[in-house]
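Trainee: I would like the atomic coordinates for the input below:
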Amino acid sequence: MKSHMGLLRSLLDELGRKCCTSTTRDFEYITRRVENEKLSFMTIALPNFCKDFERSLSRGFVDSTVFDGYVKTGCLPRFLSGFTSQIFDRTSGTLLDAPDHGCIFAVRQITLLCGKMNLPCSDARVDRALDGYIECEQEVSRADALRSYAEIEAFRSASVLMFRDILIEMDRKVYYSEVVPKHGPGTTEDGTRGNAKYRHLTWTDRLEEYLLCGEFLFPSWRHYDADSVDFLDPGSEIPVRVITVPKTLKTPRIIAVEPVWMQFVQQAVLEPLVSLLESNYLVKDFIGFTKQEPNQVLAREGSLNGELATLDLSEASDRVSNQLVLELLGSVPTFSGLVQACRSTHADVPDRGIIPLVKFASMGSALCFPIEAMVFLTVVMMGIAKSENVPLTRKFLAKHRGQVRVYGDDLIVPVDSVQSVIESLETYGFKVNSNKSFWTGKFRESCGKEYYDGTDVSIVRLRRELPASRTDVSELISAVSMGNQLTQLGLVDTAEYVFGLVERFIPLPKVLDTSPVLGRHVSSIHDLDVTSMCPNLQNPLVRGAKVVEKLPSDPLEGYFALLKFFLKRSDLPIAEGHLERSGRPLAVTLKLGLWSAV
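Mentor: Residues are numbered from 1 along each chain as shown. Here you go, the predicted model:
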């Protein structure tokens with residue numbers, strides 16, 4: 001806690017100087033609260049303060065419903081009042097005509113600094129999250145039951161209009177077996193990793209109906225051995241394994257880990273589907289999966305002109321009903337059948353047993369992201385068309401190009417249609433997160449960027465504990481990254497505090513951001529801390545620490561190795577030694593030496 005408090009003190013002092021205010025009492029207040037509440041004050045209470053702050057920015061005033069529990073002077077809390085009084089009027093609480101953008105950034109940076117640290121939640125919070133997972137299933141089921149035939153028909157018609165060409169092409173690819181499977185980088189339901197995935201010879205009767213295992217599990221039919229394949233009928237299929245991973249100290253993230261064979265086929269569908277969605281002339285400007293910049297640009301525009309709203313959905317993935325997906329893909333039975341065949345129908349929830357899934361898929365399925373985006377875009381466009389009282393046509397879509405964008409559960413829609421869009425989303429079972437959705441005022445956020453009146457007020461977050469020894473490799477890497485981000489934001493004193501913590505354990509030379517060395521990033525080769533020159537490549541060398549990742553031993557040979565070669569996506573060779581070692585690193589270490597500075 002001592003280093004965390006030192007970081008906060010450095011940050012408060014520097015932001016106070018930039019905004020011409022004293023932060024002495026603010027730090028004293030934080031110190032008192034931390035003595036009583038420990039880390040939870042920095043990771044939960046301060047982010048909650050920021051939620052109230054952003055809500056007040058959006059509404060244009062501060063009233064008695066926000067900043068509960070904080071002593072107030074006039075309408076504003078005394079805590080951070082040196083900043084907030086340059087944004088809101090102390091007496092009336094109304095937003096100033098020209099609020100200080102630097103102070104807006106300062107409040108957000110201070111209160112959100114520790115909001116998303118990679119720390120495990122308490123058992124009680126994990127239990128509540130898992131109970132919420134079960135409750136969400138029940139709510140999706142109720143929404144399905146309440147959905148009218150007219151609403152289902154409207155959704156089906158809208159989705160066919162928008163995605164018909166894409167779905168027809170996907171149907172053709174599946175029919176002619178033109179999809180190519182791929183193993184993802186993560187773990188699977190039974191813990192299989194790396195090269196071991198290619199030795200997995202399990203298939204399901206549902207998958208065999210659309211994709212023959214002889215074409216997917218073996219490099220050619222010559223190597224096919226039906227006796228070696230374990231076929232699972234629908235009643236004996238393995239459910240997804242529900243796990244929790246750190247998200248915030250307030251609540252964990254819930255992920256469903258798929259079996260190897262499901263993940264294998266999901267990746268086969270994912271690649272061509274995303275490619276078609278991002279290249280189709282009709283919808284490519286409305287939907288994205290690989291680039292967040294279009295959403296960020298529109299969020300900035302919305303903060304400037306107030307014409308675009310940014311919406312965020314709660315439990316977005318877990319609220320996409322499989323009923324809606326069946327309607328979305330209903331016009332292409334072959335493609336729809338394969339999507340259903342590689343969808344897990346049950347989930348194994350810790351201490352709660354195996355439950356049937358009404359949702360399409362949880363986070364963890366490779367198809368969760370693209371399918372949910374297609375559903376969200378359909379529902380959003382229906383809401384906009386309803387607000388304008390016009391039919392959903394291709395001409396209507398062309399008219400709204402540059403006004404609507406979907407990236408996962410980050411939605412951008414016209415402000416004039418926002419209430420209708422929210423009603424449409426709620427009709428189909430989704431929940432809008434009011435704390436992270438903005439359509440009034442000049443604050444907008446989307447895809448990791450936040451803007452106020454066109455000014456970027458995005459912040460830097462502390463993702464891990466600060467390092468306490470040289471063996472804290474992940475913490476050292478995270479701290480160096482944070483220091484370089486702080487430098488880019490102009491918070492050089494706070495960056496120096498972070499770098500100083502790191503330099504107790506490893507040297508930090510000045511390097512380019514392309515260098516493999518952990519160091520302070522500079523923009524010019526003239527600023528490098530050059531120790532010597534490489535005699536072979538004539539590259540400048542610096543003395544520092546390089547991250548070394550040792551992959552686990554995982555030998556692959558025979559036709560399994562041949563299968564891995566046939567499934568590679570590029571003409572470039574696979575990494576050297578990939579048949580001996582594969583998977584996620586067993587450990588990450590730092591190696592001191594002379595390394596390239598560029």
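
Trainee: Tell me where the model's unsure across this protein.
Mentor: Judged by pLDDT under 70, the chain has no weakly predicted residues.

Trainee: Walk me through the domains of it.
Mentor: The record's domain parsing of the chain by automatic domain parsing lists 2-116, 124-452, 506-596.

Trainee: Pipe those into a markdown table and attach mean neighbour count per row.
Mentor: For every residue, glycine as well, the C-beta is placed using N, CA and C. Putting the domains of the chain into a markdown table (neighbours: other C-beta atoms under 10 Å) gives the following:
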| stretch | mean neighbour count |
| --- | --- |
| domain 2-116 | 18 |
| domain 124-452 | 19 |
| domain 506-596 | 15 |
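
Trainee: Of all those domains, which one comes closest to residue 461?
Mentor: Among those, the nearest to residue 461 by C-beta to C-beta is domain 2-116 (5.3 Å).

Trainee: Next, format the domains of the chain as CSV and append distance to residue 465.
Mentor: Shown next, in CSV, are the domains of the chain (distance: least, C-beta to C-beta, whole Å):
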stretch, distance to residue 465
domain 2-116, 8
domain 124-452, 12
domain 506-596, 15
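
Trainee: ok, residue 91 - contacts?
Mentor: The neighbourhood of residue 91, defined by C-beta atoms under 8 Å, 6 or more residues apart in numbering, consists of 74-75.

Trainee: I'd assumed it was in a strand, is it?
Mentor: No. Going by DSSP: H, G, I helix; E, B strand; the rest coil, the assignment for residue 91 is coil, not a strand.

Trainee: and residue 588, helix, strand or coil?
Mentor: strand.

Trainee: now do the one 4 residues further on
Mentor: What three-state DSSP gives for residue 592 is strand.

Trainee: ok, and the closest non-adjacent residue to it?
Mentor: Spatially, and ignoring its direct neighbours in sequence, residue 592 is nearest to residue 545 (5.4 Å; C-beta to C-beta, 6 or more residues apart in numbering).

Trainee: so the one you found sits in a helix?
Mentor: No. Read with three-state DSSP, residue 545 is strand and lies in no helix.

Trainee: Let me see the contact set for it.
Mentor: Residue 545 is in contact with 476, 506-507, 517-518, 590-592, counting by C-beta under 8 Å, 6+ apart.

Trainee: Of those residues, just say which sits nearest to residue 403.
Mentor: For those, the residue nearest residue 403 by C-beta to C-beta is residue 518; the value is 43.1 Å.

Trainee: returning to what we had before: which one of the domains of the chain lies closest to residue 490?
Mentor: Residue 490 lies closest to domain 2-116 among the domains of the chain, at 8.1 Å (C-beta to C-beta).

Trainee: can you give me the offset of the closest one from its chain's centre?
Mentor: 26 Å (C-alpha atoms, centre = their mean, to the nearest Å).

Trainee: Can you give me the end-to-end span of that domain?
Mentor: End-to-end span of domain 2-116 (C-alpha to C-alpha, to the nearest Å): 19 Å.

Trainee: Ok, stretch 87-101 next?
Mentor: With C-alpha to C-alpha applied, stretch 87-101 spans 8 Å between its terminal residues.

Trainee: Just say helix, strand or coil for residue 203.
Mentor: Here residue 203 takes the strand state, with states given by three-state DSSP.

Trainee: what do you get for residue 297?
Mentor: Residue 297 ends up helix, using three-state DSSP.

Trainee: circling back: wait, which of the domains of the chain is closest to residue 459?
Mentor: domain 2-116 (4.5 Å).

Trainee: gap between the nearest residue to residue 238 once chain neighbours are set aside and residue 357?
Mentor: In space, and not counting its chain neighbours, residue 238 is closest to residue 259: 4.8 Å by C-beta to C-beta, 6+ apart. Using C-beta to C-beta, to the nearest Å, one obtains 14 Å as the distance from residue 259 to residue 357.

Trainee: ditto for residue 406
Mentor: Relative to residue 357, residue 406 is positioned 23 Å away (C-beta to C-beta).

Trainee: and what of residue 565?
Mentor: Separation of residue 565 from residue 357 (C-beta to C-beta): 35 Å.

Trainee: what's the span of stretch 322-335 from first residue to last?
Mentor: Chord length of stretch 322-335, first to last residue, is 15 Å (C-alpha to C-alpha).

Trainee: for the domains of the chain, which one sits closest to residue 489?
Mentor: Checked against C-beta to C-beta, the stretch from these lying closest is domain 2-116, at 8.1 Å.

Trainee: Assess the claim that the residue nearest to residue 238 and residue 188 are in contact.
Mentor: Yes. At 6.1 Å, residue 259 and residue 188 qualify as touching, with contact defined as C-beta atoms under 8 Å.

Trainee: To residue 492, which of the domains of the chain lies closest?
Mentor: Of the domains of the chain, the one closest to residue 492 (C-beta to C-beta) turns out to be domain 2-116, at 8.0 Å.

Trainee: Now do the strands in the stretch 451-598 of the chain.
Mentor: Counting by DSSP state E, counting those that start in this stretch, the stretch 451-598 of the chain has strands at residues 455-456, 510-511, 517-518, 520-521, 532-533, 540-550, 587-596.

Trainee: which residues in the stretch 51-200 of the chain form helices?
Mentor: 81-84, 101-112, 123-146, 149-175 (DSSP state H, counting those that start in this stretch).

Trainee: how far does the third one sit from the chain's center?
Mentor: In terms of C-alpha atoms, centre = their mean, the centre of helix 123-146 is set 21 Å apart from its chain centre.

Trainee: got the contact list for it?
Mentor: Helix 123-146 is contacted from outside by 121, 242, 244, 250-252, 254, 315, 318-319, 321, 323, 349-352, 355, 357-359, 428-429, using C-beta under 8 Å, 6+ apart.

Trainee: now the angle from it to helix 149-175?
Mentor: Counting by axes from the mean of the first three to the mean of the last three C-alpha atoms, to 10 degrees, helix 123-146 lies at 100 degrees to helix 149-175.

Trainee: For residue 68, give its distance to residue 75.
Mentor: The value you get for residue 68 to residue 75, if C-beta to C-beta is used, is 13 Å.

Trainee: next one: residue 348
Mentor: 51 Å.

Trainee: got it, and residue 526?
Mentor: 52 Å.

Trainee: got it, and residue 450?
Mentor: From residue 450 to residue 75 the distance is 24 Å (C-beta to C-beta).

Trainee: now residue 549
Mentor: 53 Å.

Trainee: cool, residue 481 as well?
Mentor: For residue 481, the distance to residue 75 - C-beta to C-beta - is 38 Å.

Trainee: same thing with residue 170?
Mentor: For residue 170, the distance to residue 75 (C-beta to C-beta) stands at 56 Å.

Trainee: Residue 102 now?
Mentor: To residue 75, residue 102 is 21 Å away according to C-beta to C-beta.

Trainee: same thing with residue 590?
Mentor: 51 Å.

Trainee: on that earlier part again, turn the helices of the stretch 51-200 of the chain into TSV, including distance to residue 208.
Mentor: TSV is the format used below for the helices of the stretch 51-200 of the chain (distance: least, C-beta to C-beta, whole Å):
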stretch	distance to residue 208
helix 81-84	63
helix 101-112	50
helix 123-146	28
helix 149-175	14
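
Trainee: So which of those helices is nearest residue 211?
Mentor: helix 149-175 (7.8 Å).

Trainee: from the chain's centre, how far out does the closest one sit?
Mentor: Its chain's average C-alpha position is 27 Å from that of helix 149-175, according to C-alpha atoms, centre = their mean.
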